[in-house]
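K.L.:
for reference, the sequence and a predicted model appear below.
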Amino acid sequence: MIKTDALIIGAGPTGLFTAHQLKLIGLSCEIVDILDKIGGQCIELYPDKPIYDIPAVPECTGEELTNNLINQIKAFNIPIHLSERVDEVKKENDTWLVKTNAGKTFSTPNVIIAGGVGSFEPRKFAPKECEKFENQSILYSIKDKKIFEGKTVSIFGGGDSALDWAVELSKNSKVNLIHRRDDFRGAQSTVDKVHELAKAGTINLYTKYQLANANGQNNLESIDIKHDDGEIKNIETNFALGFFGLIMQLGPIANWGLNIDKKTIEVDTEKFETNQKGIYAVGDICNYPGKLKLILSGFHEGALAARACFKLARPDEKYRFEFTTSSKTIKNRLGIKE
């Protein structure tokens, strides 16, 4: 059992800044995110695209914003639990018991949902046989490219991720690139590079094919791919990687007894609290009259929700507002020596 003053669900910009605000006022917190990396939508959807509406930051990419937010909370050493989904939230007296799919249980008076547009889950291969190889030899993201060195890797997809990894992995692996169409959706320079490597025999290119079956005992040994005209090819491979994009959905959140409208959670505008006491929603996932889906709005919502958490986490203490410019207590928490 992990006890904390507040549990944040979501490690995107709003979740990270909310954690910063909680720690500034002296509360403990931990973060859970279903993704395998910090940053939420900023990292998954537009890591390299410029953002122009962050106050006092004329331009930055999603990755730059995420890195700055990580640096901002670095002094606090906040535990962040990645690749974990919150499956169950249950009330016990004045405490919420929150369970993840990794078997962890958190005990907290405050739960802050900063889940963006919900949980991101990869679109998966259709054949049922793929399930037994998932997270071993059938993957939907890459954590360590070294595991593919000297192996045969079959990559499915026609977007930037599939093309970029096909080019990168072809340096040290035998690569099959399989796409259900003739045309690719990625950057033209990368498409040209893939065709160049295919002509040189460095990449085996299969277009108008889709995965029909996955074969093997304990590990993937080969795959069957089916052409639009019905032809089936069997290809020996050690890994199959699927890059079909992400599905965004509320997931288990939909079953927590919250007021939900069009996949967003209704909150008040004083504390950004839901209809359940001690559960808050901030960022793109929350809804109220006049709501703007801007990162700066999420920062505002997170700051107010954090201060609302103080009352439930410290019922015998009175919250005292302090400015970061003059508060010695806050500067000590930040590790700033004067």
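P.N.:
On my side now, so go ahead. Numbering: from 1, shown residues only.
K.L.:
centroid-nearest residue for this protein?
P.N.:
A centroid search over the chain (Cα atoms, centre = their mean) returns L35, at 3.4 Å, as the residue closest to the centre.
K.L.:
wait, that residue touches A11, no?
P.N.:
Yes. Using Cβ atoms under 8 Å, L35 is in contact with A11, at 7.2 Å. All C-beta spots, glycine's among them, are computed from the backbone N, C-alpha and C.
K.L.:
wait, what's in contact with the residue nearest to the centre of the chain?
P.N.:
Neighbouring residues of L35 by Cβ atoms under 8 Å, 6 or more residues apart in numbering: A11, I43, E44, L82, S83, F120.
K.L.:
and those residues as a markdown table, adding distance to L69, pLDDT and secondary structure?
P.N.:
Listed next are the contacts of L35 as a markdown table, based on distance: Cβ to Cβ, whole Å; pLDDT from 0 to 100; DSSP: H, G, I helix; E, B strand; the rest coil:
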| residue | distance to L69 | pLDDT | secondary structure |
| --- | --- | --- | --- |
| A11 | 10 | 95 | coil |
| I43 | 11 | 82 | helix |
| E44 | 15 | 74 | helix |
| L82 | 15 | 92 | coil |
| S83 | 20 | 86 | coil |
| F120 | 18 | 65 | strand |
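K.L.:
which of the residues you listed ranks first by neighbour count?
P.N.:
A11 (29 neighbours; other Cβ atoms under 10 Å).
K.L.:
tell me the contacts of the closest residue to A254 other than its chain neighbours?
P.N.:
Distances taken as Cβ to Cβ, 6 or more residues apart in numbering place I260 nearest to A254, at 6.3 Å, with adjacent residues excluded. Residues in contact with I260 (Cβ under 8 Å, 6+ apart) are L250, I253, A254, E266.
K.L.:
in strands, which of those fall?
P.N.:
E266 (DSSP state E).
K.L.:
returning to that earlier point: so which of the contacts of L35 is the closest to T237?
P.N.:
Distance to T237, by Cβ to Cβ, is smallest for S83 among these, at 24.6 Å.
K.L.:
how close does the spatially closest residue to the closest one that is not a sequence neighbour get to L139?
P.N.:
Leaving out its chain neighbours, the residue that sits closest to S83 by Cβ to Cβ, 6+ apart is D36, at 4.7 Å. Relative to L139, D36 is positioned 11 Å away (criterion: Cβ to Cβ, to the nearest Å).
K.L.:
who has more neighbours, these two?
P.N.:
Between D36 and L139, counted using other Cβ under 10 Å, L139 has the larger neighbour count: 19 against 11.
K.L.:
pretty sure the more buried one is touching L241, no?
P.N.:
Yes. Using Cβ under 8 Å, L139 is in contact with L241, at 5.3 Å.
K.L.:
show me where the stretch 1-150 of the chain has its strands.
P.N.:
2-3, 6-9, 29-32, 50-51, 60-61, 80-81, 86-92, 95-100, 105-108, 111-113, 119-122, 138-139 (DSSP state E, counting those that start in this stretch).
K.L.:
packing partners for the third one?
P.N.:
Spelled out, it's strand 29-32. Judged by 3 or more Cβ pairs under 8 Å, 6 or more residues apart in numbering; DSSP states H and E, the packing partners of strand 29-32 are strand 6-9, helix 13-24, strand 80-81.
K.L.:
how about CSV for those, with mean pLDDT added?
P.N.:
Shown next, in CSV, are these (pLDDT from 0 to 100):
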stretch, mean pLDDT
strand 6-9, 97
helix 13-24, 97
strand 80-81, 96
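K.L.:
and these as CSV, adding mean neighbour count?
P.N.:
Shown next, in CSV, are these (neighbours: other Cβ atoms under 10 Å):
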stretch, mean neighbour count
strand 6-9, 28
helix 13-24, 26
strand 80-81, 18
